[in-house]
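Undergrad: mind looking at a prediction? Sequence and model below.
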Amino acid sequence: MGKLVSQNEIQSIVKHQQKLGKTFVATNGCFDILHIGHVRYLQKTKALADYSIVMLNSDTSVKSIKGPDRPINNELDRAEILCALSCVDYVVIFEEKSPGALLEKLKPDFYTKGADYTLETLPEKEIVLKNNIKVKFIDFVEGKSTTNVIKKCLDK
C-alpha cells in the first residue's frame, strides 16, 4: 500500500513536490462504507490538482464523531480501499476529530469539503485563511451516505 503514508512522509512529499511546481488538494473524512457519493466527491477533488491527499479519520476519531458503533470498517481497511482508487494519490491517518493540525502542516493548494459546509461553518476556516489554502465545496450525491447504507441494511 504505497499510497498510505505517515504524517511526516506526506509533509516531506508535499514540500518537495510543491518546490517543483506541483499542486496538491486535500480532503478528509471517515469514508467508512465507500459508496458512489464518496467516489464522485474524490474524483472531483482530484481534478483540482496534480496530487490528491485523503486525510482519513482514525478509528478513535470516528468513534468520537459518529458514536461507539462506528466505524464499521477499521482504519487500515478503509485506507486500503481508498488507496485502490485512481483518484486518490495519498492517504494519511489522523487521530483528532478535525484534520486542522495536519492541514496546517501540509499547506496544500486546495482543500475540499462537502457543500453542507460554507466558509463560515468550516471548522478549519482560520487555518485555510491563514495559509492561503483555496477551499472548494463539492456537492453531495443526493441520498448517498454511509448512514443511509447502514439504515438500509438494518431495515432488511
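TA: That came through fine. This one's a predicted model, so the numbers in the text were calculated from it and none came from an experiment.
Undergrad: when you work out contacts or count neighbours from here on, use the C-alpha atoms and nothing else.
TA: Noted.
Undergrad: so in this protein, which helix runs the longest?
TA: helix 7-19 (DSSP state H).
Undergrad: name the residues of that helix that are buried.
TA: Gln7, Ile10, Gln11, Val14 (16 or more other CA atoms under 10 Å).
Undergrad: next, format the residues you listed as JSON lines and append distance to Thr60.
TA: Output for the buried residues of helix 7-19, formatted as JSON lines (distance: CA to CA, whole Å):
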{"residue": "Gln7", "distance to Thr60": "17"}
{"residue": "Ile10", "distance to Thr60": "21"}
{"residue": "Gln11", "distance to Thr60": "22"}
{"residue": "Val14", "distance to Thr60": "26"}
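Undergrad: let me have those in a markdown table, adding pLDDT and distance to Ala26 as columns.
TA: Below are the buried residues of helix 7-19 laid out as a markdown table (pLDDT from 0 to 100; distance: CA to CA, whole Å):
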| residue | pLDDT | distance to Ala26 |
| --- | --- | --- |
| Gln7 | 98 | 13 |
| Ile10 | 98 | 11 |
| Gln11 | 98 | 12 |
| Val14 | 98 | 11 |
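Undergrad: how close does the residue nearest in space to the middle of the chain get to Leu154?
TA: Closest to where the C-alpha atoms of the chain average out (CA atoms, centre = their mean) is Asn28, at 2.0 Å. Note on Asn28: its distance to Leu154, by CA to CA, to the nearest Å, is 27 Å.
Undergrad: can you give me the end-to-end span of stretch 12-27?
TA: 18 Å.
Undergrad: what about that stretch, distance to the chain center?
TA: 16 Å (CA atoms, centre = their mean, to the nearest Å).
Undergrad: pretty sure Asn74 contacts Ser61?
TA: No. With contact defined as CA atoms under 8 Å, Asn74 does not count as touching Ser61 (11.4 Å).
Undergrad: below-threshold pLDDT in this structure: ranges please.
TA: Scanning the chain for pLDDT under 70 picks out the ranges 1, 142-150, 152-153, 156.
Undergrad: what segments of it are strands?
TA: Using DSSP state E, the strands of the chain run over residues 24-29, 51-57, 90-94, 110-114, 134-138.
Undergrad: including distance to Arg78, could those strands go into CSV?
TA: Formatted as CSV, these follow (distance: least, CA to CA, whole Å):
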stretch, distance to Arg78
strand 24-29, 11
strand 51-57, 8
strand 90-94, 10
strand 110-114, 19
strand 134-138, 21
